[in-house]
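1. Take a look and give me a structure for this.
(chains A and B)
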Amino acid sequence: MNVGGSITASDQDRGYKSEVGKTAGGELVPHASRPSSATAAAGLNTVVPEPFDLADGGNGGAADLAYEKQAVDGEIKDYSLASSSSFFLKHSYRDIGRRRFHFCLSFCSVFIVVWSALVINTLVEKGPIVFLKLAEGLQGQYDGIVYPVLSDGRFDDDLESYHNSEGVFINYTKVENVTQSKFNLAPRKQFCDSHVGTNYPAAIADMDKEEFSDYSSDFIRAGKTKLPPIDKYRNSDKSERLFPHAECLMLMDTEKERAIDLGSRYTFPPLDEGECFINEDQAMIMKVKKGDYIYHSLKMYQNLVGLIDAYNAKVAVPEGTEQISRDIVQAGNESSVVEFPCKVAIIGNQTYGKFPLAGVED
Amino acid sequence: MEYKHFLPLIARYLPAPLASKNDFKQFLLNNGTSTIFELSDFLMMTLPRPRVNYYQSTNYYNIQKGVTGYANEVIDALGFYPVRISLDVLKSMEIFSQAILFLGLIFDIIILLFIILSILLIYSLLMISVESKTFEFGVMRMQGLSKTGLIYMIFL
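-> As a prediction, this is how the structure comes out:
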């Protein structure tokens, strides 16, 4: 430390020694009267003591001291900010060494405050993403559902039990043409108010290999799947054709949905012809496993009417053949109910972001 | 069940009145894939990649602005009257945004408490340090250290 102390090597280097601390006559004056370079640098006052001269008993030194002050004022230069800071830093460093506990305590308190501020700031920033994931878990990994408006202007936006009761459809092909595939949209069909059962395996268990082969080649093109034939199904015991479990059958286009990031957790390949996906609870209730057949009973009045209209418009009218009347199917009776089997290909244990959670839990 | 396989599948299982219509059955087998797309019940919509960006703001109104902006573009393209869009995730985010605000408030209070505590701690440590070094400071002052320099040294 060189605060007002003795002349140091650095003082000498700066050329202070020759003048500082001496009177005009070359006599030494007390150190206290000599403002050091360090004090000057640190903003220390230039202390000029009372006249003090040992030679004349303290009475005749005023002139000498005045000279010394001039010399001091003329020669001593202020320390630079860096030098004084360096001095203070060294002093502080030594002080830290002396009071380590105090330093650690204050450092830790500041560290905890800064760290917690950063963590909390990050948490608040990431909060929406966390809540988005929560919302996706409840609602599904999609941002919106485009519903057709019904004839009276209302629209049913309850996906969990959505049932197209009025036959108002969205033409996805046209939507793609109109929007030039600019938007992330994928079509879905849903048949709620439907039922599913597993009674039929008992019926086909009686079939021999040849019989099974006959109908399977007739049923599905190229024999890709071997689903039971409708005749066999219809001739089976009526009591076995019960569909005790309510369901919502949903149709989806796996590839289109994957392209728009809908349900990114669904990593299964697209289902093949005659295959279906069911959830774990449903499989448990029906006691089916992968590879078993289940049977759907869908009320398809509106859809069959739509298909008849499409057939008339695309085939019957252009070709001049007989048109099919809409009255051939009646709402609420067997003429509009389609019953068909499908093979369980995937038993899922979550929504995969494809459906609302409540839809699966129901 | 896969979209494109549905009509070819039910073509084999049509109810009795339609099962006898071979042309109709053939129509479903041949054109089923395209026809079923024309009879979609609803369309699922996702936001453009990266969709997370739309939900990153801590201000719900910014999220709402982004999502409804995109939905409005879709509505605009499809026609205002024929369709409606249900934004279920946004609805959930509206509820959660209250939680985000509340959490932010709680966290701010915690930080404030931490800051007050650390200020008190540092103040007391500083006082202890100053009081225990009174003599040392006195010597320094005597040797010519100015008040400013002293304060500078204490806070450094």
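2. is it true that residue A:264 touches residue A:353?
-> Yes. With contact defined as C-beta atoms under 8 Å, residue A:264 counts as touching residue A:353 (6.3 Å). All C-beta spots, glycine's among them, are computed from the backbone N, C-alpha and C.
3. for chain B, what spans make up the helices?
-> Ranges of helices in chain B, per DSSP state H, are B:6-10, B:16-19, B:22-38, B:60-78, B:88-132, B:134-142, B:147-155.
4. Show me how far the fifth one is from its chain's centre.
-> What it means is helix B:88-132. Average the C-alpha atoms of helix B:88-132, do the same for its chain, and the two points are 22 Å apart (C-alpha atoms, centre = their mean, to the nearest Å).
5. Kindly list the main-chain dihedrals of the closest residue to chain A within chain B?
-> Using C-beta to the nearest C-beta, the single residue of chain B nearest to chain A is residue B:143, 3.1 Å away. With angles defined as degrees, to the nearest 10, residue B:143 sits at phi -80, psi 0.
6. For stretch A:277-296, measure first residue to last.
-> Terminal residues of stretch A:277-296 lie 12 Å apart, using C-alpha to C-alpha, to the nearest Å.
7. Identify each buried residue in that stretch, please.
-> Applying a neighbour-count criterion of 16 or more other C-beta atoms under 10 Å in any protein chain shown, the buried positions in stretch A:277-296 are A:277, A:278, A:279, A:282, A:283, A:286, A:288, A:292, A:293, A:294, A:295, A:296.
8. before we move on, what about stretch A:261-271?
-> When neighbours are counted by 16+ other C-beta under 10 Å, the buried residues of stretch A:261-271 are found to be A:261, A:262, A:263, A:266, A:271.
9. same question, stretch A:174-183
-> In terms of neighbour count (16+ other C-beta under 10 Å), stretch A:174-183 has its buried residues at A:175, A:176, A:183.
10. Please, which helix or strand holds the first one?
-> Using DSSP states H and E, residue A:175 falls within helix A:172-179.
11. do the same with residue A:108
-> helix A:100-139.
12. Can you get me a residue count around the closest residue to residue A:328 other than its chain neighbours?
-> The spatial neighbour of residue A:328 that comes closest, neighbours along the chain excluded (C-beta to C-beta, 6 or more residues apart in numbering or on different chains), is residue B:17 at 4.6 Å. Using other C-beta atoms under 10 Å in any protein chain shown, the number of residues around residue B:17 comes to 17.
13. Residue B:17 and residue A:325, how far apart?
-> Per C-beta to C-beta, to the nearest Å, residue B:17 is found 10 Å from residue A:325.
14. which residues does residue A:175 contact?
-> Under the criterion of C-beta atoms under 8 Å, 6 or more residues apart in numbering or on different chains, the contact list for residue A:175 reads A:185, B:43, B:78.
15. The second one: neighbouring residues, count only.
-> Per other C-beta under 10 Å, the neighbour tally for residue B:43 reads 24.
16. can you pull the contacts of the residue nearest to residue A:336 when sequence neighbours are not counted?
-> Leaving aside its sequence neighbours, residue A:336 sits nearest to residue A:301 (C-beta to C-beta, 6+ apart; 3.8 Å). Residue A:301 makes contacts with A:167, A:329, A:330, A:331, A:332, A:336, as judged by C-beta under 8 Å, 6+ apart.
17. Let's see which of the buried residues of stretch A:261-271 end up in strands.
-> Using DSSP state E, no member of the buried residues of stretch A:261-271 sits in strands.
18. Please produce a markdown table containing these, extended by distance to chain B.
-> Formatted as a markdown table, those follow (distance: C-beta to the nearest C-beta, whole Å):
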| residue | distance to chain B |
| --- | --- |
| A:261 | 6 |
| A:262 | 5 |
| A:263 | 9 |
| A:266 | 13 |
| A:271 | 4 |
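19. Out of these, the closest to residue A:140 would be?
-> Distance from residue A:140 was checked for each of the buried residues of stretch A:261-271 by C-beta to C-beta. The minimum falls on residue A:263, at 7.3 Å.
20. got the phi/psi numbers for the closest one?
-> In this entry, residue A:263 is assigned phi and psi values of phi 70, psi 60 (degrees, to the nearest 10).
21. Contacts only, for it.
-> Contacts of residue A:263 were listed using C-beta under 8 Å, 6+ apart, and they are A:140, A:141, A:142, A:257, A:351, A:352, A:353, A:354.
22. how about a cut-off of 7 Å?
-> By C-beta atoms under 7 Å, 6 or more residues apart in numbering or on different chains, the residues touching residue A:263 are A:141, A:257, A:352, A:353, A:354.
23. about what we covered before: list the helices and strands the helix holding residue A:108 packs on?
-> Where contact means 3 or more C-beta pairs under 7 Å, 6 or more residues apart in numbering or on different chains; DSSP states H and E, helix A:100-139 is packed against helix B:88-132.
24. Would you mind pulling up the elements that the helix or strand bottoming out on mean pLDDT in chain B packs against?
-> Lowest by mean pLDDT, DSSP states H and E among the helices and strands of chain B is helix B:147-155, with a mean of 79. Taking 3+ C-beta pairs under 7 Å, 6+ apart as contact, the helices and strands that helix B:147-155 lies on are helix A:81-98, helix B:134-142.
25. could you redo the last one with a cut-off of 10 Å?
-> Helices and strands in packing contact with helix B:147-155 are listed as helix A:37-41, helix A:81-98, helix B:88-132, helix B:134-142; criterion 3 or more C-beta pairs under 10 Å, 6 or more residues apart in numbering or on different chains; DSSP states H and E.
26. Once you drop chain neighbours, what's closest to the spatially most central residue of chain B?
-> Of all residues in chain B, the one closest to the mean position by C-alpha atoms, centre = their mean is residue B:55, 3.2 Å from it. Excluding the flanking residues, the one nearest residue B:55 by C-beta to C-beta, 6+ apart is residue A:132, at 4.4 Å.
27. if I read this right, the one you found contacts residue B:57, doesn't it?
-> No. Assessed by C-beta atoms under 10 Å, residue A:132 is found out of contact with residue B:57, at 11.1 Å.
28. Give me the common contacts of the two.
-> Taking C-beta atoms under 10 Å, 6 or more residues apart in numbering or on different chains as the contact criterion, the common neighbours of residue A:132 and residue B:57 are residue B:63.
29. between these two, which one's more packed in?
-> Neighbours around residue A:132 and residue B:57, counted as other C-beta under 10 Å, are more numerous at residue A:132. The numbers are 21 against 17.
30. pLDDT score assigned to the more buried one?
-> What the model reports for residue A:132 is a pLDDT of 87.
31. I'd like the helices and strands packed on helix B:147-155 as TSV, with mean pLDDT appended.
-> As requested, these are arranged in TSV below (pLDDT from 0 to 100):
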stretch	mean pLDDT
helix A:37-41	43
helix A:81-98	81
helix B:88-132	85
helix B:134-142	84
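32. hey, which of these is tucked in deepest?
-> When neighbours are counted by mean count of other C-beta atoms under 10 Å in any protein chain shown, the highest per-stretch mean among the helices and strands packed on helix B:147-155 falls to helix A:37-41, a mean of 24.
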